[in-house]
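**Student:** no letters, just coordinates:
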């Protein structure tokens, strides 16, 4: 079945450093979504990418969807303590339910 | 507009008992999804429902687990004869047309 891999599993950064998490799918995706889950909280939708090679920005966050629609990345510039949490990518093929990666847990040291 | 409501937040059951988890989707949302999360793990898809219909239950164990989304009332995830391995956080999510998901706060099930 469809699998979505995310790396790294953990990332510890100093406040102000950049952070990137990568997502790879075993199959071509119709779209990819990113979610953030704060410690003890629930996943919250961040963004959806649909087009091949698409790049979207939300303030310090930059999301990319690969040309082959099988990989994606999330880059955070100049991390802040409010960025702490686990970032999940989730992909869908056609009408199948979203398949989530295992997430990247980000710790920011002030 | 109230968000996705899940209850209870915490549920403790002894082995062999039944667990019932409830989820009320956001107003206007007709698609409900249940996901299970273990510590340090991602969200594992269990079941996808629309009103009175199970659309996809490929992620749900064939035994002891069932889900419903009746015409009236919340969606229910039922786990019969719980075992320790069922301990996890169970998240419900809803969406209006099957696109981005709005998650509830989850139910933490602990089996003693």
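**Tutor:** Sure, I can see it. All figures in this text were calculated on a predicted structure; none of them were measured in a lab.
**Student:** next, count neighbours for residue B:10.
**Tutor:** Residues near residue B:10, counting by other Cβ atoms under 10 Å in any protein chain shown, number 11. Just so you know, the C-beta spots here come from the backbone N, C-alpha and C atoms, and that holds for glycine as well.
**Student:** quick one: residues contacting it.
**Tutor:** Counting by Cβ atoms under 8 Å, 6 or more residues apart in numbering or on different chains, residue B:10 touches B:107, B:108, B:110.
**Student:** one more: residue B:57?
**Tutor:** By Cβ under 8 Å, 6+ apart, residue B:57 lies in contact with B:46, B:47, B:48, B:67.
**Student:** flag the shaky bits of chain B, pLDDT-wise.
**Tutor:** Applying pLDDT under 70 to chain B flags residues B:1, B:98.
**Student:** strands along that one, start to end?
**Tutor:** Secondary structure of chain B (DSSP state E): strands at B:5-7, B:10-13, B:19-24, B:31-37, B:43-50, B:53-56, B:65-68, B:75-79, B:88-95, B:102-103, B:107-111.
**Student:** and those strands: which comes nearest residue A:109?
**Tutor:** strand B:31-37 (25.6 Å; Cβ to Cβ).
**Student:** what packs against the closest one?
**Tutor:** Where contact means 3 or more Cβ pairs under 8 Å, 6 or more residues apart in numbering or on different chains; DSSP states H and E, strand B:31-37 is packed against strand B:43-50, strand B:75-79, strand B:88-95.
**Student:** check these for me and report the most buried one.
**Tutor:** Highest mean neighbour count among these (mean count of other Cβ atoms under 10 Å in any protein chain shown): strand B:88-95, with a mean of 24.
**Student:** give me the residues contacting that one.
**Tutor:** Contact with strand B:88-95 is made by A:42-43, B:4, B:6, B:21, B:23, B:25-26, B:29, B:31-38, B:43, B:46, B:75, B:77, B:101-104, B:106-109, as judged by Cβ under 8 Å, 6+ apart.
**Student:** helix, strand, or coil at the closest residue to residue A:17 other than its chain neighbours?
**Tutor:** Nearest non-adjacent residue to residue A:17, counting by Cβ to Cβ, 6 or more residues apart in numbering or on different chains: residue A:79, 5.8 Å away. At residue A:79, secondary structure determined by DSSP: H, G, I helix; E, B strand; the rest coil is coil.
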